[in-house]
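Participant: Generate coordinates for the sequence data below:
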Amino acid sequence: MSGLPGPTVLVIGAGPGLGLSVGRRFGREGFRVALVSLNGARHDQYVSSLAELGVTARAFAADILQPDPARRALDAVTEAFASVDVVYYGPGAADPAVPPEPIATTTRADAERAMSITFGAVQVVNHVLPAMIGRGRGGLLFAGGLSAVTPMPALGSLALTAAAVRAYALSLNAALAGQGVYAGTLTIGGVVERGDIYRQVVSDPSRYGPVEGHTLDPDTLADAAWRMYSVRDRAESVFSTFDGIPAGG
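Facilitator: Numbering: from 1, shown residues only. From the prediction side, this is the model:
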C-alpha cells in the first residue's frame with residue numbers, strides 16, 4: 001500500500017465545529033487528517049483551511065451510519081493513507097430542526113434509529129483496531145452527550161446511544177490496556193460553538209432560547225482530546241455547562 005506518509009487521524013463526523021478543531025489540533029502534532037462526513041459540499045473548504053496551516057488532509061463523503069457506505073469510505077481512507085493511527089468518532093447525533101421524542105414516548109423505531117450511531121462506532125473500530133493492535137499503538141476517541149451520565153428526558157433515544165457509546169469507549173479502554181492502544185470518550189454537555197447545531201440554535205432564539213452560558217469552545221475540547229490520547233491518564237473527560245453537573249478536563 002502506498003498511502004501518504006506519517007501518522008493519520010481519521011475524523012468521523014467532520015464539521016465546522018469540533019471535527020475540524022480535532023483535525024487542526026492533531027495536525028499541529030504532525031498528523032495527516034482524513035475527514036469523513038455526509039456533506040461533501042463543504043469538504044474543499046475544510047481541506048483548504050487545514051492546508052493553510054500546513055496540514056495534509058483529504059475528505060471523503062459518506063453516511064457512516066450505513067454499513068455499505070461506511071465500509072467503502074473506510075476502505076478509501078485506508079487506500080489513501082499509510083495507516084489510521086487515531087480515530088475521532090463524533091457523527092452528528094441529531095437534526096436540531098427535528099427534536100427527538102421525549103424518553104417516555106420513545107418507540108422501538110426511535111431507539112433503533114438512534115442506535116445506528118453505536119453500530120457505526122463498532123464498524124469503524126472493527127476496521128481499524130486489528131492493525132493498531134498489530135503495530136502496538138493507536139487511539140480511539142469518541143464524543144458523546146451528557147445524557148449518558150445524567151438524566152435528560154427530553155433527549156429521548158439520544159440518551160440511549162450516548163450511554164451505549166460511552167460504555168463502549170470505557171470498555172475498550174479496559175480491554176486494550178497493555179496493548180498500546182488507547183480508547184476514551186469526551187462527554188459533552190453544552191452547545192459546541194461553530195458547529196451546525198450551534199448555528200441552528202443561535203439562528204432561532206425564540207425556539208431554542210438563549211445559548212449564553214451553555215456553549216463550549218471546540219478548540220478547548222480538541223485540546224482535551226489530544227491530551228487524553230497523548231497522556232492516557234484518564235478514559236473520560238466531562239464538559240458541562242449545566243449547574244450542578246461537574247465537569248473535568
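Participant: give the contact list for the residue minimising distance to the centre of the chain.
Facilitator: Using CA atoms, centre = their mean, the residue of the chain that lies closest to the mean C-alpha position is residue 90, 1.8 Å off. Counting by CB atoms under 8 Å, 6 or more residues apart in numbering, residue 90 touches 11, 12, 13, 18, 19, 22, 142, 143. Where you see a C-beta, it was placed from the backbone N, CA and C, and this is true even at glycine.
Participant: Pick the one among those residues closest to residue 153.
Facilitator: Ranked by distance to residue 153 (CB to CB), these are led by residue 143 at 21.6 Å.
Participant: Mind giving me the packing neighbours of the helix or strand residue 20 falls within?
Facilitator: Per DSSP states H and E, residue 20 falls inside helix 18-28. Secondary-structure packing of helix 18-28 (3 or more CB pairs under 8 Å, 6 or more residues apart in numbering; DSSP states H and E): strand 8-12, strand 32-37, helix 43-51, strand 86-89, helix 218-231.
Participant: Please repeat the previous calculation with a cut-off of 7 Å.
Facilitator: The elements that helix 18-28 packs onto, with contact taken as 3 or more CB pairs under 7 Å, 6 or more residues apart in numbering; DSSP states H and E, are strand 8-12, strand 32-37, helix 43-51, helix 218-231.
Participant: In PDB, list the C-alpha atoms belonging to the shortest one.
Facilitator: Which is strand 8-12. What follows is strand 8-12, C-alpha atoms only, in PDB (Å, rounded to 0.1, in the frame of the first residue of the first chain):
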ATOM      1  CA  THR A   8      -3.100   9.800  10.400                       C
ATOM      2  CA  VAL A   9      -6.100  10.900  12.400                       C
ATOM      3  CA  LEU A  10      -9.400   9.800  11.000                       C
ATOM      4  CA  VAL A  11     -12.200  12.300  11.900                       C
ATOM      5  CA  ILE A  12     -15.600  10.800  11.600                       C
END
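Participant: Now it: average pLDDT?
Facilitator: Strand 8-12 comes out with an average pLDDT of 98.
Participant: what does the helix holding residue 20 contact?
Facilitator: Outside helix 18-28, the residues that touch it by CB atoms under 7 Å, 6 or more residues apart in numbering are 9, 11, 13-14, 33, 35, 46, 50, 53, 55, 57, 86, 88, 90, 143, 192, 195, 218-219, 221-223, 225-226.
Participant: Repeat that for stretch 123-137.
Facilitator: With CB under 7 Å, 6+ apart, stretch 123-137 has contacts from 12, 67, 70, 74, 83-84, 87, 89, 138, 140, 179-181.
Participant: Same question for stretch 62-71.
Facilitator: 12, 36, 38, 72, 73, 91, 116, 117, 120, 123.
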